[in-house]
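Peer 1: Let's see this in three dimensions:
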Amino acid sequence: MKFAAAALCGAVCFGFASCSDDEDPVVPAEPGVENVFPAGVPTEFNGAKITTNADGKVIEIKSDDETATFEYGTFSRATDYQVKMTLSSRYGYGSVIYMQLNDKGFVSHAVEVYDGGGEDETWDLGYNGDGQLNYMKRSDNEEVTTFAYTNGDVTKVTSVDEDGDSDNYTIAYTSTKVSTAIENKGGIMLFEDLFQCDMDNIEIAYYAGLLGKATKHLPVSCTEEDGHYEYDWTLNAAGLPTLMNTYWFPTDGESSKYDEITFKW
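Peer 2: Modelled structure (predicted):
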């Protein structure tokens, strides 16, 4: 499995630390998973085993090829960060992502430092009043992604690159096959697979409870210019997802199975 700029300060602050030097600085909250995963953290995500410590914090996410380890405290790199995520691979490459938290315990800014040098990558993240991610800017591609919510569910995702070109995605929670929206009892939030948002290596931090709260329901489709994806969910007796199959339906051409993701609880 893959683990793998400046904030806008105008009329909307997107949940960043402060838009004025006159305002009090944000005091980072202690990170936790209990508000993100109502049924508890999954024990596995797509084959990667998730390990928690005695305090319930995620300390490791390990697949056959890659490992993410989490440390909590104060880590200084010109400024202070509250979480350190170390990424390593059996193929030899790796990096460290330092994360600053907001007053809800979610990442507001992060910087990735690669083994062997190279230019650092940064993320700036913002959240709505319900603690759901609604803004992301990556330095790697200078792309800004925004999430629009309706009644707790992402309904539109827009990504705008540095040239002003945009990609738009519309998310649905019911269909001809699914007449009633499926409650997201497990707190699943797959940014790239469900919402076509390429977060790169920081996305795995969601499973440590660090990237906000999930949608209230599980998406069943995502429509873009060239076609749409359909998501087929398998739930266990407790209503928690154990399998998600993705199918691609191009505007021109034949449909096909695109991907599958598994969960264990």
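Peer 1: Need the pLDDT of the closest residue to Asp64 other than its chain neighbours.
Peer 2: Excluding the flanking residues, the one nearest Asp64 by CB to CB, 6 or more residues apart in numbering is Gly47, at 6.9 Å. (Glycine included, C-beta is placed from N, CA and C.) Listed pLDDT for Gly47 reads 94.
Peer 1: Stretch 222-230: end-to-end distance?
Peer 2: End-to-end distance for stretch 222-230, by CA to CA, to the nearest Å: 7 Å.
Peer 1: What's the mean pLDDT across that stretch?
Peer 2: The predicted model gives stretch 222-230 an average pLDDT of 97.
Peer 1: In that stretch, which residues have enough neighbours to count as buried?
Peer 2: For stretch 222-230, the neighbour count (16 or more other CB atoms under 10 Å) marks 222-223, 228-230 as buried.
Peer 1: Likewise for stretch 256-265?
Peer 2: The neighbour-count check on stretch 256-265 (16+ other CB under 10 Å) flags 261, 263 as buried.
Peer 1: CA atoms only: put that stretch into PDB for me.
Peer 2: Output of stretch 256-265 as PDB, limited to C-alpha atoms (Å, rounded to 0.1, in the frame of the first residue of the first chain):
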ATOM      1  CA  SER A 256     -13.900  -2.000 -14.900                       C
ATOM      2  CA  LYS A 257     -13.000  -2.800 -11.300                       C
ATOM      3  CA  TYR A 258     -10.500  -0.200 -10.200                       C
ATOM      4  CA  ASP A 259      -9.400  -1.200  -6.700                       C
ATOM      5  CA  GLU A 260     -10.300  -2.800  -3.400                       C
ATOM      6  CA  ILE A 261      -9.500  -1.900   0.200                       C
ATOM      7  CA  THR A 262      -9.900  -4.000   3.300                       C
ATOM      8  CA  PHE A 263     -10.400  -3.200   7.000                       C
ATOM      9  CA  LYS A 264     -10.200  -5.200  10.200                       C
ATOM     10  CA  TRP A 265     -11.600  -4.100  13.600                       C
END
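Peer 1: Which residues does it contact?
Peer 2: 39-40, 42-47, 186, 188, 190, 193, 229, 236, 238, 240-248 (CB atoms under 8 Å, 6 or more residues apart in numbering).
Peer 1: Looking at those residues, which are in helices?
Peer 2: Members of those lying in helices (criterion: DSSP state H): Asp193.
Peer 1: The spatially closest residue to Val58 that is not a sequence neighbour and Asp165: what is the separation?
Peer 2: Leaving aside its sequence neighbours, Val58 sits nearest to Ala208 (CB to CB, 6+ apart; 3.9 Å). From Ala208 over to Asp165 the distance is 33 Å, taken as CB to CB, to the nearest Å.
Peer 1: Neighbour count: those two, which is higher?
Peer 2: Higher neighbour count among Ala208 and Asp165: Ala208, with 26 against 9, using other CB atoms under 10 Å.
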